[in-house]
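J.: no sequence for this one, just the structure:
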């Protein structure tokens, strides 16, 4: 059973409602039932979990008096009445408008506009209807229009009657209103549940009272402090807490802060604050804390402040993918996670998700309960990077913190350190890092003692370290130490089957974050995204979707919202179409691709490298090897 039920008082309305539900794909059940029958149906539906009911006329009036859930009315407008009167526009006798008040609403306007002799007969209940119809019939009224019960009564007495029917527009409007009410109802329920969870799990005991001193909130912690297992909401606070001073706050309107009081063997700190609305005291709130718990919490906060940020945020389930290549990579990374102390080197272009894998490996390793420390080696100048990694002793240099500073390797003890962009680490620091890996100990700057550390190292880079070794920019011995377990994250253009999943994820994420109702993306926009080169990989896709959601003016992202030209999206495809026209060797295809990229970018090597998804140095080397001219 759906959460919304429409109870139609007559057969034609049931048929119309079912057509509306079918045409618009709505999750609404429709059933016929009039007055008392409708009320009984509504009560049973409420017991089965229906959250909102829709009906019309007298049935709506009856239902809302017997259920405790929202009831939405299918409004009967003057236009609905006018449709029922269309065959009587030339009739010169009196016409009876019969039904409950909410059905004959708006008749005054029609009396003035049409000049008809319309007599209203408003029912109070079903039993009085025959008498009321008889009274107007005795005055010469022979034609009637009205609601279901009205026309049923009229016809049973031998008079002509025309039913005021609701059109599809009115039914659809009522359903949309019911959905809105259902959404608000669920939001309120969620808000109430969140409030209850907060109240029950907050460390403070909380008691709130109204202006007369009756308890409105009494949370779980308050129950533990005052040894109350039952729920005292609704009782006067003096009946529950004998020593309470909340009545004093209600009377004076003045807060009482920071008072200590004893409850049994426990000393608690108490704050009492009045709730003042428009200058009048409308209640009061008291909060209580066990002093011993405060001391424990303070110690915990100090420990957490010391370890701020030392937690891996992601796991393998956060790596959204569909491609086989990523599935195999995750499988390999899971195996690497089990090898507790072995270094891992993660390679891949910018934006492929190297950090995501580093977090995940830590969280699935035996060190998962230990700290996870991450640092970007390219983001800090050399002297600052050294002090961050290895710490320093007091007085090591001008401006050094009193007492010295603990380094990130020490902070990562019994856990993992993630060295992002390791390829940008200066050579002299590479030497110190190599020593840490070999000796499993660090020495702070300006100190003369070594500190043992048990740390797993995960490093990542988007650089070609082997080329950097040849150029003397990276130590060969450090590379061999790091390159024990290697993961190569493929660029997004090599796993395009993952793009739809990522697009849907980012649309949902940024729609929620930006407070916009964007439900998806058009097929044309999706096709455009599938043809992009993605030199920035997943990070680039994320940025494109965030921008598109921000600028989207409808429920679905369109091509124009992406801010991308079709020409740019097709550049990469052009190269593929050209080079596969004949049977070429891999080396010939490589040369053709480079020549094509250089031609398209007017010999701009950086742009050609971006187009082909490789480093500038790779382009230079290939040009030299193949004898290509710019």
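T.: Happy to help now that I have it. Nothing here was measured: the structure is a model prediction, and the numbers come from that model. Numbering: from 1, shown residues only.

J.: residue boundaries of the strands in the stretch 1-150 of the chain?
T.: Along the stretch 1-150 of the chain, the segments classed as strands by DSSP state E, counting those that start in this stretch run 4-8, 29-32, 52-55, 71-73, 95-100, 118-123, 143-146.

J.: could you dump those to JSON lines with distance to residue 562 and mean neighbour count?
T.: The C-beta positions use only the backbone N, C-alpha and C, and glycine is treated the same way. Below are these laid out as JSON lines (distance: least, CB to CB, whole Å; neighbours: other CB atoms under 10 Å):
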{"stretch": "strand 4-8", "distance to residue 562": "36", "mean neighbour count": "26"}
{"stretch": "strand 29-32", "distance to residue 562": "40", "mean neighbour count": "19"}
{"stretch": "strand 52-55", "distance to residue 562": "38", "mean neighbour count": "26"}
{"stretch": "strand 71-73", "distance to residue 562": "39", "mean neighbour count": "21"}
{"stretch": "strand 95-100", "distance to residue 562": "54", "mean neighbour count": "26"}
{"stretch": "strand 118-123", "distance to residue 562": "58", "mean neighbour count": "19"}
{"stretch": "strand 143-146", "distance to residue 562": "55", "mean neighbour count": "26"}
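
J.: can you put those in JSON lines and add distance to residue 187 and mean pLDDT?
T.: Below are those laid out as JSON lines (distance: least, CB to CB, whole Å; pLDDT from 0 to 100):
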{"stretch": "strand 4-8", "distance to residue 187": "16", "mean pLDDT": "95"}
{"stretch": "strand 29-32", "distance to residue 187": "22", "mean pLDDT": "95"}
{"stretch": "strand 52-55", "distance to residue 187": "14", "mean pLDDT": "95"}
{"stretch": "strand 71-73", "distance to residue 187": "17", "mean pLDDT": "93"}
{"stretch": "strand 95-100", "distance to residue 187": "32", "mean pLDDT": "79"}
{"stretch": "strand 118-123", "distance to residue 187": "37", "mean pLDDT": "79"}
{"stretch": "strand 143-146", "distance to residue 187": "39", "mean pLDDT": "83"}
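
J.: Of all those, which one comes closest to residue 338?
T.: strand 4-8 (50.6 Å; CB to CB).

J.: Now the strands of the stretch 1-150 of the chain in JSON lines, please, with extra columns for distance to residue 275.
T.: Formatted as JSON lines, the strands of the stretch 1-150 of the chain follow (distance: least, CB to CB, whole Å):
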{"stretch": "strand 4-8", "distance to residue 275": "37"}
{"stretch": "strand 29-32", "distance to residue 275": "43"}
{"stretch": "strand 52-55", "distance to residue 275": "33"}
{"stretch": "strand 71-73", "distance to residue 275": "33"}
{"stretch": "strand 95-100", "distance to residue 275": "43"}
{"stretch": "strand 118-123", "distance to residue 275": "45"}
{"stretch": "strand 143-146", "distance to residue 275": "51"}
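
J.: Of those, which is nearest residue 614?
T.: strand 4-8 (56.6 Å).

J.: who does the closest one touch, helix- and strand-wise?
T.: helix 11-24, strand 29-32, helix 36-47, strand 52-55, helix 168-201 (3 or more CB pairs under 8 Å, 6 or more residues apart in numbering; DSSP states H and E).
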